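A.B. asks: Got a predicted model here, sequence first, then my questions.
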Amino acid sequence: MRIKFLRRFYLFGFFFVTYCSASLFLNCASTSKIPNLSNFTPKDLQLRVARNLHNLHSFEGKARVIIELPGKSYNGFSNIFMKLPDSVYVKTEAILGIDIGGLFLDQRFFAAYAPRDNILYYGEAESLDLRDFLKIEIDTDELFEVFTGLNQIVVNDTSKLIFAGGKFVVTTQLEQQSLIYEVDPEKYIVTKSQLIDAEGKTILLKEYRRLRKTKGLVLPQIIKLTRPQARERITVYYTNQKINKKIAAEKFKIKPAKNAKKVYWGDTKRPAIDRN
């Protein structure tokens, strides 16, 4: 599995360079209830939304995490550490039913420690299936979004932009599916996104609530990712967030028991990393 969000980070950094072309409209948008969209395109909105991601260099937070599956649910607290664009580390605290003491992920490598079984799993990031550890279907893009709340906008030649219900609404067609985004017109952050199939059914719903601005960067305090057809949902409630502060390297280290069993998660015949 690829770590697409890291690649997107660089991509949006490039987009941000051209952001100033829309600055005149953006400075005036908050003064008008219904913006003039004739001078503002889906690409302009994409660039403006990318500003938050561009300005995020490090992130540290504590959150209550609730994972809901058919017939069962898990909840507990997690400490999240991110250093963009390099690495993500999630340390869980007593999420009942999920035996993960820590999950580390960077551009090429991952490690996950299961304290109950005393096993350290590790391998290439592209071989990682997060369901094996978090019980819910979520890819690395979505893991990043569910912990930062910075959902980015995908646009192409089919993208259409309107202003409805006090929000920017962007619709983009992707072969047999469509993406719909709702964006706050003052904070320029995605508050809701939907992936819809050809029959009009929602495959994936992402919601971002309780927006808070800190050091010029807007982040949501409540994040929900729902797969309605599978009846799966992960909800993150932040109790504390710190952004763009130096994070000690020690925070990104998994510390298993000395006698922990090590299990390589990948192609043992052609490993892409040194298993030693």
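C.D. replies: Received it, and whenever you're ready, just let me know what you need.

A.B. asks: CA atoms for contacts and neighbours, from now on please.
C.D. replies: OK.

A.B. asks: which stretches of the chain form strands?
C.D. replies: 58-69, 72-83, 87-93, 102-106, 109-114, 119-124, 160-164, 167-174, 177-183, 190-196, 202-214, 217-227, 232-243, 261-264 (DSSP state E).

A.B. asks: weakest of these by average pLDDT?
C.D. replies: In terms of average pLDDT, strand 87-93 trails the rest of those, at a mean of 83.

A.B. asks: Please write out the alpha-carbon positions of that one in CSV.
C.D. replies: Provided in CSV are the C-alpha atoms of strand 87-93 (Å, rounded to 0.1, in the frame of the first residue of the first chain):
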residue,chain,number,x,y,z
SER,A,87,6.6,10.2,9.8
VAL,A,88,3.5,9.4,11.8
TYR,A,89,3.4,7.7,15.2
VAL,A,90,0.2,6.7,17.0
LYS,A,91,0.4,5.4,20.6
THR,A,92,-2.8,3.9,22.0
GLU,A,93,-3.8,3.8,25.6
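
A.B. asks: sorry, back to before: any chance of the strands of the chain in a markdown table with distance to residue 49 as columns?
C.D. replies: Listed next are the strands of the chain as a markdown table, based on distance: least, C-alpha to C-alpha, whole Å:
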| stretch | distance to residue 49 |
| --- | --- |
| strand 58-69 | 18 |
| strand 72-83 | 20 |
| strand 87-93 | 22 |
| strand 102-106 | 24 |
| strand 109-114 | 29 |
| strand 119-124 | 31 |
| strand 160-164 | 14 |
| strand 167-174 | 11 |
| strand 177-183 | 8 |
| strand 190-196 | 7 |
| strand 202-214 | 14 |
| strand 217-227 | 10 |
| strand 232-243 | 18 |
| strand 261-264 | 39 |
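
A.B. asks: Quick one: closest of those strands to residue 148.
C.D. replies: With C-alpha to C-alpha as the criterion, residue 148 lies closest to strand 217-227 of the strands of the chain, at 7.0 Å.

A.B. asks: Run the angle between that closest one and strand 232-243 for me.
C.D. replies: 170 degrees (axes from the mean of the first three to the mean of the last three C-alpha atoms, to 10 degrees).

A.B. asks: Does anything pack onto strand 217-227? Which helices or strands?
C.D. replies: helix 42-55, helix 140-148, strand 202-214, strand 232-243 (3 or more C-alpha pairs under 8 Å, 6 or more residues apart in numbering; DSSP states H and E).

A.B. asks: ok, residues contacting it?
C.D. replies: 52, 55-56, 146-150, 187, 189, 202-213, 232-239 (C-alpha atoms under 8 Å, 6 or more residues apart in numbering).

A.B. asks: follow-up on the earlier one: just the helices and strands packed on strand 217-227: most buried one?
C.D. replies: helix 42-55 (a mean of 22; mean count of other C-alpha atoms under 10 Å).

A.B. asks: starting at the chain centroid, how far to it?
C.D. replies: Mean C-alpha position of helix 42-55 versus that of the full chain (C-alpha atoms, centre = their mean, to the nearest Å) differs by 15 Å.

A.B. asks: Give me the angle between it and strand 190-196.
C.D. replies: 120 degrees.

A.B. asks: Report the inter-axis angle for helix 42-55 versus helix 140-148.
C.D. replies: 70 degrees.

A.B. asks: What average pLDDT does helix 42-55 get?
C.D. replies: Mean predicted lDDT for helix 42-55 stands at 91.

A.B. asks: oh, and call the first residue 854 from now on, that's how I've got it
C.D. replies: Right, with 854 as the first residue, what we last looked at is helix 895-908.

A.B. asks: and it, what other elements does it pack with?
C.D. replies: helix 857-870, strand 1070-1080.

A.B. asks: beta partners for residue 1088?
C.D. replies: residue 919, residue 1077 (DSSP bridges).

A.B. asks: Can you give me every residue that contacts it?
C.D. replies: 918-920, 999, 1075-1078.

A.B. asks: related to what we said a few turns ago, so for residue 942, which of the helices and strands packed on strand 1070-1080 sits nearest?
C.D. replies: That would be, of those and by C-alpha to C-alpha, helix 993-1001, which comes in at 10.5 Å.
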